[in-house]
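**Q** No letters, just coordinates:
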């Protein structure tokens with residue numbers, strides 16, 4: 001047992017010395033290999049307004065960035081106080097689920113380099129805790145300062161067939 005501790009200790013000391021010595025002595029073509037690109041610049045976006053709900057009529061999971069009123073009119077969540085000359089809307093939904101125990105939330109929005117990123121939390125019911133089966137389509141939206149940068153994982157177009165009551169459903173063939 002004691003031998004194992006000594007070997008582990010020697011190995012740890014050896015690795016530590018190699019790492020310290022390696023940082024100071026490792027040189028690449030342009031100098032120290034640890035002097036790479038600078039850390040990315042991160043800018044947090046203020047969340048100016050939040051709205052959540054249990055039903056928006058979406059059948060599929062969606063993530064939308066809305067930058068103008070005509071596109072906002074296609075998002076079925078009622079009135080949202082937004083000035084599209086200075087602000088934009090980020091909208092997420094889980095689509096159709098069969099319990100009100102599901103939830104979604106936007107936690108934060110930030111710019112990293114040339115991309116806007118969004119922190120999203122999804123909540124699911126625990127096994128055996130589905131609750132009363134009730135179709136819902138939970139959603140969450142935020143209003144943030146406008147940006148023309150791409151929003152990672154978000155689209156810009158609402159596909160009308162994805163929303164209940166819009167578009168044409170294909171005919172079903174077979175038994176009924």
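**A** Okay, I see it. This one's a predicted model, so the numbers in the text were calculated from it and none came from an experiment. Residues are numbered from 1 along each chain as shown.
**Q** CA atoms for contacts and neighbours, from now on please.
**A** Noted.
**Q** what's the distance between the nearest residue to residue 103 once chain neighbours are set aside and residue 132?
**A** Among residues not flanking residue 103 along the chain, residue 123 sits closest, at 4.9 Å (Cα to Cα, 6 or more residues apart in numbering). Counting by Cα to Cα, to the nearest Å, the gap from residue 123 to residue 132 is 16 Å.
**Q** related to what we said a few turns ago, look up how far residue 45 lies from the residue nearest to residue 103.
**A** The value you get for residue 123 to residue 45, if Cα to Cα is used, is 23 Å.
**Q** who's more crowded, those two?
**A** With neighbours defined as other Cα atoms under 10 Å, residue 123 and residue 45 compare such that residue 45 has more, 18 against 11.
**Q** Pull the contacting residues for the more buried one.
**A** Applying Cα atoms under 8 Å, 6 or more residues apart in numbering to residue 45 gives the contacts 108-111, 144-145.
**Q** what does the model give it for pLDDT?
**A** pLDDT, residue 45: 97.
**Q** cool, residue 166 as well?
**A** Residue-level pLDDT assigned to residue 166 equals 45.
**Q** same deal with residue 59?
**A** So residue 59 comes in at 89 (pLDDT).
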